[in-house]
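Visitor: curious how this folds, go ahead:
(4 chains, ligands or ions: 2)
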Amino acid sequence: MSAPPTLPLDPVLLRADFPILHQRVYANPRRGNEGVRLAYLDNGATTQHPRQVVQSMVDCYERTYSNVHRGAHYLSAQSTDAVNAAREKVQRFLNAPRAEEVIFTRGTTESINLVARSWGDAFCQAGDEIVVTEIEHHANLVPWQQLAERKGVKLRHLRLGDDGQLDVPSLPSLLNERTRLVAFTAVSNVLGTITPVAEIVAQAKRVGALTLVDAAQSVPHMRTDVQSWGCDFVAFSGHKMIGPTGVGVLWGRYDLLDSMPPFLGGGGMIDRVWLDRFTPGELPHRFEAGTPAIAEIIGLGAAIDYLNHVGLDAIHAYEQILTAKAHEVLGALPGVTIWGPSLEHKAGIVSFSVADVHPSDVANVLDLAGIAVRAGHHCAMPLHDRLGIPASTRASFYFYNTTEEIERLGEAVVRAQEMFGRKS
Amino acid sequence: MSAPPTLPLDPVLLRADFPILHQRVYANPRRGNEGVRLAYLDNGATTQHPRQVVQSMVDCYERTYSNVHRGAHYLSAQSTDAVNAAREKVQRFLNAPRAEEVIFTRGTTESINLVARSWGDAFCQAGDEIVVTEIEHHANLVPWQQLAERKGVKLRHLRLGDDGQLDVPSLPSLLNERTRLVAFTAVSNVLGTITPVAEIVAQAKRVGALTLVDAAQSVPHMRTDVQSWGCDFVAFSGHKMIGPTGVGVLWGRYDLLDSMPPFLGGGGMIDRVWLDRFTPGELPHRFEAGTPAIAEIIGLGAAIDYLNHVGLDAIHAYEQILTAKAHEVLGALPGVTIWGPSLEHKAGIVSFSVADVHPSDVANVLDLAGIAVRAGHHCAMPLHDRLGIPASTRASFYFYNTTEEIERLGEAVVRAQEMFGRKS
Amino acid sequence: MKTMTVAELASEFDDCWDETERLKLILELGRGLDPLADEFKTEENRVLGCQSNVWVVSNVTSGVPERLHFDAASDGETARGLIAILLSLVNDKTPAEILALDLDGIFKQLELARYVTRSRSNGLASMINRVRDLAQQRHLAN
Amino acid sequence: MKTMTVAELASEFDDCWDETERLKLILELGRGLDPLADEFKTEENRVLGCQSNVWVVSNVTSGVPERLHFDAASDGETARGLIAILLSLVNDKTPAEILALDLDGIFKQLELARYVTRSRSNGLASMINRVRDLAQQRHLAN
Ligand SMILES: Cc1ncc(COP(=O)(O)O)c(C=O)c1O
Ligand SMILES: Cc1ncc(COP(=O)(O)O)c(C=O)c1O
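Guide: Numbering: from 1, shown residues only, chains lettered A, B, ... in the order given. Ligands and ions are numbered 1, 2, ... in the order given. Here you go, the predicted model:
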C-alpha cells in the first residue's frame, strides 16, 4: 500500500473498499435536491466495513456455515477451523501468549460484565476495593457498581486532571492492600485521552491488584501488546474495528481465567452435566456458553487481516494528523471549546461544545450537512458531570476519513452557530 | 408459492435460495474423485441461510449501517428504524402484546441466563423451588443449577415417560406453594418430543409459579402464540431459524420484565449514571446493555419475513412428512433404535442408535457419504443418562430437506453397519 | 401557542426545499411555545430518553367534556420545536381524542419521521409516549 | 503396536482413493492397538473433549535416556484408530523428542487434519494435547 507523499496511508484508496462511505444523504428527488455527501465522523460509536469483511461472512453463509465443535461433519469442521483461525488471529493481534486466552463475547460490555460476575462474585468480598476512573464509559462503571451492590465492594475513583489526563500521580493514594482491581480505559471515548496503561498496571501490581483495560477505543487504532501492558484483562468490540456487530473479545491471563467459575451456563461450557449439577469445561469454552457468533467471529478475523494490511502504526500516525487538523479547524472558531488533553496525549476523538448552542442542535445541523457526529453524554455521564456540562458533540475518526471532511465539519459548526447562536 | 401436488411446500424451489446446499463434499480432484452431494440434516444444531437473509445484512453494512439509538445522524436513524422494525417483526411472529417485550440477546442460552440472573437473583430465596425437566438442553438446566447454588433454590425434575413424552400427569406432585418457576422445552432437541406447553403453563399457574419456555426448537418450525401459551418467558435463537448467528430473543411479559433489575450493566441500559450508582432505563433497553447485534437483528427480521412467506403451518406439515419418512426408512433397519415418542407427538428431529456401533462412528460414515448429522449427547446429558446411552446420532430436518435425502441417510446407516457392525 | 391542524402543518412543511429549511421551520414553531415556569422543570416532569432535557406537564380544563392542555419546555431548540409541533396537535383535545390520534403517522406524513426514530437524540418518540400516557391516565380516571 | 514413521504412514494414506478408504485404514490401524486393562479406564486417564471415551496412560521405560510408552483405548472405533496412529508416532521416544514433533503438521500431511479440527467429535486434538502434556510433565520432572 503506497500512501501519498507525506501521509502514512492513502485514505482515498482505502475508502474504495467501503461502499457505504460513497453516498449522498437527504436527497429530495421530488424537488431536484440531490442531497449532501456523507462524512462519517462517528467512529467512536461504531466503524464501517470494507467489502472484504462483509464478503468473509457471505462466504461463510454461502459455503462453509455450520455449528462448531460438536458436529461430526464436513461443514462443521470447516466452521470450527475458521473460528479457531480467527481466535489465533486475535491472539497474534494482541500478542497474547495463548489462543485459549481469547474469549469471544458480544462486545466490550459483555466482556467486562463477564469479569465482574465471574471473577468479581468469586473473588471479591465486602470491604474489598475496586478503583475505576472518572472518565470511564458506563460499560466500565455500571458492572462494578452492580458488583459493589452485590458484594459490598467499595469503589474508588481516579480523577481527571484539569489537563484532560488522568491524575495518575494520585493513584498510589487510592491503592492499598484491599484493592482487588483497577479497571480503566486505554483511550477515553469522549476526550480521546490516551492513558498510561503500563504505568497504571505497574502501580496496581505493587499492591497486588489486578487490572482490566477497557480497550474498546484503543485496539482498533493502535498496536496492542497485552504482554507489554502487563495487565490481566482486556476488553474490546469487533464493531469498532471494521468488524461485524455481535462479536467482541475478552482477553485474560490463562491462569487467572482458568481459576474463574463459569459465567453463562449452557451448551459447550461444560465437561459433564447431571440433573442437579455440572462440571465446567476447559478454556476458552468454559466462557462461551451456547452457539457462538460464528459468522461474526469469522468477520472479525477478516477485519484483523485488513487492519494488519493497512498497518496499525500507519493508522495511528494518520489519525494523529486528522486530530491535529480538527484542533486547528475547531480551535480557530470563537465560542468553540475543545475538551480533553493536548494533541500529544490524544487519539482520534475530538469532543467540543459550542457556546449557547445545545449539542443536540449542533449535531442536527451537522447531520443536515451530511456530517455524522454524535451529541450527548456518550455513555460517560460522570465525565460530563466532571466537565460541568450535560452533553458534548463528538467527532471521531478512522483511517478512511480525510482532512477535507474535517474542513466540512468546521464549516458546518459555523452554520450551526449562525442558526442557533445567540445573536449579539 | 405453489407446492408440488401432495406437498405443503416446494422444497426444490426453496432450496434454490440456499447456495450452500448445492455442493459436493470430499472431492479429491487429484484422483478424479468428484465427491458426494451434501445432505444437510443437522438443523437442530443450526440452520442454513437463504440469499435474502444474507443480502439484508450486506445491505445494512453497505448502505445504512451505524450504531443505533443515540447517534444524531442520518445513518443512525436508518439503523434505529431497521432495528425497531425487526423488533416489531418478532413481536408479530410471536403474537406478543408489545414490542418492548422483545429483548435481543445472543441466543437462547443468553436469554435463559438473563432470566436466571435477573429474575432469579432478585426474586428467588433459599427453599424456593424450580421445576425443570429431564429432557432439557443444558442451556435450560445449567443456569438453574447455578441459581440453585447461588440462592439455595431447590431444583425438581419432571421425568420423561417411557413413551418418549414428559410425564405431565406427575407434574402436580412436583408443584407447591414454594414453586417459583417451571422451565421446560417446547420441543426436545434430541427426541423431537412436542411438549404440551399450554397444559404445563396452566398447571404452573395453579400454584402461582411462572413459566419459561425454551422454544429454540419450536419457534423455527411451527406457529408460536405466546398469548395462547400463556407463559411468562420464551427464549429462542436466530441461527436455528435461517437467521444469523449472534442474535436471539428473550420474550417476557411486560409487567414482569419491568419489575426485574438489569442484568448486564453498560451503555444504553441506564437512565442516569453517577460515579457510584445508576438508575436503570426503560424496556427493552434495560436488558440490552452495549451495542446490540445490529446487522444480526436486521438479518433475523429478514429471516422472519422469509419464514412467513413460506408459512409456518406449511413448514410444520412438511416436516411431519419428513419425520414420517425417517421413521419408515430407519425403522426398517434391524439393529436401529429410534428414540422418542410416536410420530404424532414428534417434530422434525429423529435420534437413533445403531447396535454395536458407536454414534461417532455412525456419524463419521454418514459424513463421508455427504450426510451431515450430529453424534453425541446433543447438550442433553441427563436425557441420555435416562435413556441409558452415552450418546446418540441425530438427524434433524428443515423445510429445504427432501425425502430423497432421508433415503440416502438410510443407505448410509446400512453402510455404517457393514463397516462397523459386529459380524455375526 | 395555537393549535394547528395536520393539514396546516403539512402544507408549511411541504414548502421546505431541503432539510435545513425544514429544521428552520421546526425552530420557528418552537419559538411560539408558551414558556414553562421553572418550578415545573422537575425530575418527575422530565421525559426520559431525550438527549436534551424535555419537561411536559398537563392540566385538565374545566368544562364538559374535559380537555387536556399541555405545557412543555426544553433546553434544546430542535427538541423545543418538536414538542411545540406535538402540542399543537394535541392541545385542548379530550383524552379520548388524543388517544385516537395516530401521532406516529402524522409525523411520518410531515416527513418528520426521522425525528421520531431518533428516540434517544431528539426524543420525539419519548415525548409522544409521555403525552399519550398522560392522556391515558386521565382517560382511565374518568 | 509397532511404531511407524511419518513416511510409512503417509504412503499408506496416499494410496487411499477416497475418504471412506482412508477411514477403513484408520480403523485397521486401530485394530492393531494393544489392549488397555480396564483398571486404567479411569476418570483421571480419560481425555476430556472427546465424544467417544478415550483413555491414555503413559509409562516411563527404564534406561537412559528415558523414553515414554503410551497405552490407550476408546469405545469408538474411529477414535481408536486415530489414537493408534498418534501413539505409533510418539511411542518409545524421549519426552524431548515428543515435544519437538509437529503433530498437527503431521496429521495435516496425512490429510487427517479434519480429524484434528473436530476436537469435540473425534477428539484427536484433545488426544494430542494429552500426549504432549504427559511428555511435558516428564520433561519438566527431569
Ligand atoms: C432446546 C434447545 N435449547 C437451547 C439451545 C441453545 O441455543 P443457543 O446455542 O443458540 O444458545 C438449543 C440449541 O442448541 C436447543 O436445541
Ligand atoms: C471506551 C468504551 N468502552 C466500552 C464501550 C462499549 O462497547 P460495546 O457497546 O461495543 O459493548 C465503548 C463503546 O461504546 C467505549 O467507547
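
Visitor: could you point out which element follows the helix or strand of chain C with the lowest mean pLDDT?
Guide: Ranked by mean pLDDT, DSSP states H and E, the weakest helix or strand in chain C is helix C:113-117, scoring a mean of 72. Sequence-wise, the next helix or strand downstream of helix C:113-117 (DSSP states H and E) is helix C:124-141.

Visitor: who's in contact with that next one?
Guide: C:47-50, C:54, C:56, C:58, C:60, C:66, C:68, C:70, C:72, C:79, C:82-83, C:86-87, C:90, C:95-96, C:98-99, C:103-104, C:107, C:112, C:115-119 (CB atoms under 8 Å, 6 or more residues apart in numbering or on different chains). Placement of C-beta: from N, CA and C, glycine included.

Visitor: which residue is nearest the centroid of chain A?
Guide: Among the residues of chain A, the one closest to the centroid is A:Ala216, at 1.9 Å (CA atoms, centre = their mean).

Visitor: isn't that one right up against A:Ser111?
Guide: No - with contact defined as CB atoms under 8 Å, A:Ala216 does not count as touching A:Ser111 (9.1 Å).

Visitor: for A:Leu283, which residues are in contact?
Guide: Neighbour list for A:Leu283: A:100-101, A:103, A:254, A:257-258 [criterion: CB under 8 Å, 6+ apart].

Visitor: please read the previous query as pertaining to A:Leu141.
Guide: Contacts for A:Leu141 (CB under 8 Å, 6+ apart) come out as A:132, A:382, B:265, B:273, B:275, B:278.

Visitor: please report phi then psi for the nearest residue to A:Lys240 once chain neighbours are set aside.
Guide: Leaving aside its sequence neighbours, A:Lys240 sits nearest to A:Pro220 (CB to CB, 6 or more residues apart in numbering or on different chains; 5.1 Å). Dihedral angles of A:Pro220 (phi, psi; degrees, to the nearest 10) stand at phi -70, psi -20.

Visitor: give me the pLDDT for A:Pro220.
Guide: Reading off the confidence values, A:Pro220 has pLDDT 98.

Visitor: report the separation between it and B:Gln145.
Guide: Relative to B:Gln145, A:Pro220 is positioned 38 Å away (CB to CB, to the nearest Å).

Visitor: what do you get for A:Gly299?
Guide: The gap separating A:Gly299 from B:Gln145 is 33 Å, by CB to CB.

Visitor: show me which residues of the stretch 301-424 of chain A are close to chain D?
Guide: Within the stretch 301-424 of chain A, no position is near chain D by CB under 8 Å from any CB of the partner chain.

Visitor: all helices for the stretch 301-424 of chain A, in order.
Guide: A:312-331, A:359-368, A:381-387, A:403-420 (DSSP state H, counting those that start in this stretch).

Visitor: pick the most deeply packed of the ones you listed.
Guide: helix A:359-368 (a mean of 28; mean count of other CB atoms under 10 Å in any protein chain shown).

Visitor: over to the most centrally placed residue in chain C. Which of the three states is it?
Guide: When CA atoms, centre = their mean is applied to chain C, the residue found nearest the centroid is C:Leu86 (2.4 Å). Secondary structure assignment for C:Leu86 (DSSP: H, G, I helix; E, B strand; the rest coil): helix.

Visitor: B:Gly267 versus the residue nearest to the centre of chain A, what's the distance?
Guide: Counting by CB to CB, the gap from A:Ala216 to B:Gly267 is 10 Å.

Visitor: overlap in contacts of these two?
Guide: A:137, A:139.

Visitor: A:Glu34: how many residues sit nearby?
Guide: A:Glu34: 11 surrounding residues under other CB atoms under 10 Å in any protein chain shown.

Visitor: again but with A:Arg272, I slipped
Guide: 13.

Visitor: ok so it is a strand residue?
Guide: Yes - checked against three-state DSSP, A:Arg272 lies within a strand.

Visitor: now the residue lying closest to it once chain neighbours are set aside, what's its secondary structure?
Guide: Nearest residue to A:Arg272, sequence neighbours excluded (CB to CB, 6+ apart): A:Thr279, at 4.9 Å. Using three-state DSSP, the three-state assignment for A:Thr279 comes out as strand.

Visitor: give me the phi and psi for A:Ser76.
Guide: phi -60, psi -40.

Visitor: got the contact list for the nearest residue to it once chain neighbours are set aside?
Guide: Leaving aside its sequence neighbours, A:Ser76 sits nearest to A:Ser66 (CB to CB, 6+ apart; 4.4 Å). Residues near A:Ser66 by CB under 8 Å, 6+ apart: A:73, A:75-76, A:78-79, B:42, B:45-46, B:372.

Visitor: of those residues, closest to A:Phe397?
Guide: Nearest to A:Phe397 among the contacts of A:Ser66, counting by CB to CB, is A:Ser79 at 35.0 Å.

Visitor: so how far is ligand 1 from that closest one?
Guide: For A:Ser79, the distance to ligand 1 (CB to the nearest ligand atom, to the nearest Å) stands at 14 Å.

Visitor: that residue is in contact with A:Ile294, isn't it?
Guide: Yes - with contacts counted by CB under 8 Å, A:Ser79 reaches A:Ile294, the gap being 5.8 Å.

Visitor: re the thing from before, which of the contacts of A:Leu283 fall within strands?
Guide: Under the assignment DSSP state E, the contacts of A:Leu283 contribute A:Ile103 to strands.

Visitor: of the contacts of A:Leu283, which count as buried by neighbour count?
Guide: A:100-101, A:103, A:257 (16 or more other CB atoms under 10 Å in any protein chain shown).

Visitor: within reach of ligand 1, which of those are there?
Guide: Restricting these to those touching ligand 1 (CB under 6 Å from any ligand atom) yields no residues.

Visitor: now, these that are in helices?
Guide: When DSSP state H defines the helices, the subset of the buried ones among the contacts of A:Leu283 inside them is A:Leu257.

Visitor: redo the buried ones among the contacts of A:Leu283 as JSON lines? Include distance to B:Thr6 and pLDDT.
Guide: Formatted as JSON lines, these follow (distance: CB to CB, whole Å; pLDDT from 0 to 100):
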{"residue": "A:Glu100", "distance to B:Thr6": "52", "pLDDT": "95"}
{"residue": "A:Glu101", "distance to B:Thr6": "56", "pLDDT": "98"}
{"residue": "A:Ile103", "distance to B:Thr6": "50", "pLDDT": "98"}
{"residue": "A:Leu257", "distance to B:Thr6": "56", "pLDDT": "98"}
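
Visitor: how about the buried ones among the contacts of A:Leu283 in a markdown table, adding distance to A:Arg117?
Guide: Output for the buried ones among the contacts of A:Leu283, formatted as a markdown table (distance: CB to CB, whole Å):
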| residue | distance to A:Arg117 |
| --- | --- |
| A:Glu100 | 20 |
| A:Glu101 | 19 |
| A:Ile103 | 13 |
| A:Leu257 | 14 |
